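> Sequence first, then the predicted structure, then my questions.
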Protein chains: 2
Amino acid sequence: MANADKTRGIAAITDMKPKPLTDALQTAALAADVTIALALAHLDGPLPDAMRYAVSGGKALRAFLVMEGARLHGFDGTQSAPAAAAIEALHAYSLVHDDLPCMDDDDLRRGQPTVHKKWDEAIAVLAGDALQTLAFELVTQTDCAIKDRLILSTTLAQAAGIRGMVGGQAMDIAAETADTPLTLDQIITLQKGKTGALISWSAMAGPRMAGKTDDPMQTYGDCLGLAFQIADDALDIEGNADEVGKAVGKDAAAGKATFVSLLGLDGAKTRAAQLVAEACDALSVYGDDADTLRDAARFVIDRKK
Amino acid sequence: MANADKTRGIAAITDMKPKPLTDALQTAALAADVTIALALAHLDGPLPDAMRYAVSGGKALRAFLVMEGARLHGFDGTQSAPAAAAIEALHAYSLVHDDLPCMDDDDLRRGQPTVHKKWDEAIAVLAGDALQTLAFELVTQTDCAIKDRLILSTTLAQAAGIRGMVGGQAMDIAAETADTPLTLDQIITLQKGKTGALISWSAMAGPRMAGKTDDPMQTYGDCLGLAFQIADDALDIEGNADEVGKAVGKDAAAGKATFVSLLGLDGAKTRAAQLVAEACDALSVYGDDADTLRDAARFVIDRKK
């Protein structure tokens, strides 16, 4: 990024007006990247390099959700950036470990070699570990009331842990060797953990910064998370590996039950569209100010990667 | 443990009087075990089983340090148990990942098969991941002022992350393939991260619960951590695998520089004894009430496992 673009990018982080989706995603990615770069400043060697590599090049959807939810509750991007960076670090850790040979054994992520291919498995294990730790360090630095920072920390751990994301990953691994494919209800439970928990946390981070325990962003996040996973399953069938940036067709090859195998491709797309409509409707209380979030919901099911 | 013993054990958790070291270590282990068992209640399957397995059977030295430091600052064991359980979960995660084939490749830990030997590598990666997450969930539940809970969380992440424990682990891995063995100063830096950071955090947890940022427990913890590592290096030479509960002689076989290879066995023991004396002296402000901590410091260099 040229310096003039960076200056505009940093100004965009503090801007409280709604932005077009592409700009808002770029701003969220910049805010997360800068925060993580500062946290890793003056560190050399393969481990910090692998950490920086693992957090780069993503869509920054989760950071965007944090920052948009925060903006709707009166917090600018400098205030929400630590929470946005935390969720990106946590998401990156989960991808690095998920790609390991003993897990999904993937060579390609975001169109680049996975961390264990570029370095080695030991670095991939440690980089993932340190990214998770970094997430819990960063989230405590979110610029809101101390009691709300603590709630962000606790809920992030709940979303990431055995009753959330890692629990979903374990269900996914168990399903691969099970005698019978999962039912739709079981896949929904698995998804709520594996991908849904972090997306829902991201959506609720802004309201929680404002001391709220309940908010329409909860419904928005829950619907968006499910729609996201359905779209991911469809991309595994329809996508092009070069465009998606990772291997495709793996689920079908493994005979895994997915939203697509259970609902059919059209049925799955109809379900995803209904969820996006529900997500958008939930935001009515925020009026036009939530239009970027509505665009994001539509983007999630239309994306090509 | 029989029910009568459990009842006595639970009474011991709330007791504010100093205990003999063996009782205090048992009480700390019980407090951490019960807290973790409750956090994992109603969870079935290999992942929660592996998590419970990984946290069992340790010395609970770090939980003990948390609870003794808390007791000296007026907090009973029910108040400090979440922080004590958090550090044991975090320590257990680091051991599970450290034992992986791509890391130290160990088959034996605490006299039992390591997690990847008893289950598989995927479960070991996920169990370690979920134990780290659990640590950050539990630490936020420590029974002290909200602002001090947040400081416990942030400092735990700093101690565990790339500028602490994981940074030390990365230095350790790099040293194994380096052309020249590490110097004494480099080994001290490595140790301060790899084992020292969690021990120092444990020692400072009690003072931090009381809102203190500076305390003699810092010197105690720093000296104890270094003495602990020197004793570990000596056990790798002198210990018996059955008694130690893990493989021994690995460092010498790998030609790794250790405190023992650099100072000699006698020199290393003299250094450890000096550190223990310094740790004990630091506690003078606490008088007899810190005698259990003094016994712990002596135990650390006299232990056979």
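On my side now, so go ahead.

> residue contacts, A:Asp143?
A:Asp143 makes contact with A:75, A:78-80, A:82, according to C-beta atoms under 8 Å, 6 or more residues apart in numbering or on different chains. For glycine as for every other residue, the C-beta is placed from the backbone atoms N, C-alpha and C.

> cutoff 10 Å now
A:70, A:75-76, A:78-83, A:149, A:209 (C-beta atoms under 10 Å, 6 or more residues apart in numbering or on different chains).

> go on, A:Leu263?
A:184, A:187, A:230, A:233, A:269-272.

> could you redo the last one with a cut-off of 7 Å?
Contacts of A:Leu263 were listed using C-beta atoms under 7 Å, 6 or more residues apart in numbering or on different chains, and they are A:Arg271.

> Next up, phi/psi of it, please.
With angles defined as degrees, to the nearest 10, A:Leu263 sits at phi -110, psi -10.

> Ok, A:Asp148 next?
The phi/psi pair for A:Asp148 (degrees, to the nearest 10) is phi -80, psi -30.

> Would you agree A:Leu25 is in contact with A:Phe64?
Yes: counting by C-beta atoms under 7 Å, A:Leu25 does reach A:Phe64; the two are 5.2 Å apart.

> A:Lys304: how many residues sit nearby?
10 (other C-beta atoms under 10 Å in any protein chain shown).

> now swap in A:Gln191 and tell me
Here the count is done by other C-beta under 10 Å, and A:Gln191 has 23 residues near it.

> avg pLDDT for stretch A:258-272?
For stretch A:258-272, mean pLDDT rounds to 91.

> and the residue nearest to A:His73 when sequence neighbours are not counted, what pLDDT?
Distance criterion C-beta to C-beta, 6 or more residues apart in numbering or on different chains; nearest residue to A:His73, sequence neighbours excluded, is A:Ala210 at 3.9 Å. You'll see A:Ala210 listed with a pLDDT of 98.

> likewise the one 10 residues further on?
At A:Tyr220 the predicted local distance difference test score is 98.

> Check what contacts the strand or helix carrying it and list those residues.
Per DSSP states H and E: A:Tyr220 is located in helix A:216-238. Under the contact criterion C-beta under 7 Å, 6+ apart, helix A:216-238 has outside partners A:69, A:191, A:195-196, A:199-200, A:202-204, A:206-207, A:244, A:248-252, A:258-260, A:265, A:268-269, A:271-272, A:275-276, A:278-279, A:282-283, A:285, A:293, A:297, A:300-301, A:303.

> Take those and, keeping just the buried ones, write it as a PyMOL select command.
A single PyMOL command selects the buried members of the contacts of helix A:216-238 (16 or more other C-beta atoms under 10 Å in any protein chain shown):
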select buried, chain A and resi 69+191+195+196+199+200+202+203+204+206+207+244+248+251+258+259+260+268+269+271+272+275+276+278+279+282+283+293+297+300+301+303
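
> rewinding a little: I'd guessed the residue nearest to A:His73 sits against A:Arg71; true?
No: using C-beta under 7 Å, A:Ala210 is not in contact with A:Arg71; the gap is 11.1 Å.

> Could you check which of these two has the larger neighbour count?
More crowded of A:Ala210 and A:Arg71, by other C-beta under 10 Å: A:Arg71, with 24 against 16.

> so where's chain A shaky on pLDDT?
By pLDDT under 70, the low-scoring segments of chain A are A:1-6, A:241, A:244, A:248, A:252, A:305.

> Report how many residues lie close to the nearest residue to A:Val115 once chain neighbours are set aside.
Leaving aside its chain neighbours, A:Val115 sits nearest to A:Ala124 (4.3 Å; criterion: C-beta to C-beta, 6+ apart). Neighbour count of A:Ala124, defined by other C-beta under 10 Å: 24.

> and what of the one 10 residues further on?
Taking other C-beta under 10 Å as the neighbour definition, A:Leu134 ends up with a count of 30.

> Check A:Met209 too.
A:Met209: 25 surrounding residues under other C-beta under 10 Å.

> Check A:Gly221 too.
Using other C-beta under 10 Å, A:Gly221 has 27 other residues around it.

> Ok, the one 10 residues further on next?
Close neighbours of A:Ala231, defined as other C-beta under 10 Å, add up to 23.

> Around chain B, which positions in the stretch 51-200 of chain A sit nearby?
By C-beta under 7 Å from any C-beta of the partner chain, the residues of the stretch 51-200 of chain A that approach chain B are A:51, A:97, A:100, A:102-103, A:121-122, A:125-126, A:129-130, A:132-134, A:136-137, A:140, A:146-147, A:149-150, A:153-154, A:157-158, A:160-162, A:166, A:169-170, A:173.

> Quick one, which of the residues you listed are buried?
Among those, those scoring as buried are A:51, A:97, A:100, A:102-103, A:121-122, A:125-126, A:129-130, A:132-134, A:136-137, A:140, A:149-150, A:153-154, A:157-158, A:160-162, A:166, A:169-170, A:173 (criterion: 16+ other C-beta under 10 Å).

> Restricted to helices, list those.
A:51, A:97, A:121-122, A:125-126, A:129-130, A:132-134, A:136-137, A:149-150, A:153-154, A:157-158, A:160, A:166, A:169-170, A:173 (DSSP state H).

> any idea which helix or strand carries the residue nearest in space to the middle of chain A?
Of all residues in chain A, the one closest to the mean position by C-alpha atoms, centre = their mean is A:Arg62, 4.1 Å from it. Assigned by DSSP H and E, A:Arg62 falls within helix A:61-72.

> got the angle between that helix and helix A:216-238?
Counting by axes from the mean of the first three to the mean of the last three C-alpha atoms, to 10 degrees, helix A:61-72 lies at 160 degrees to helix A:216-238.
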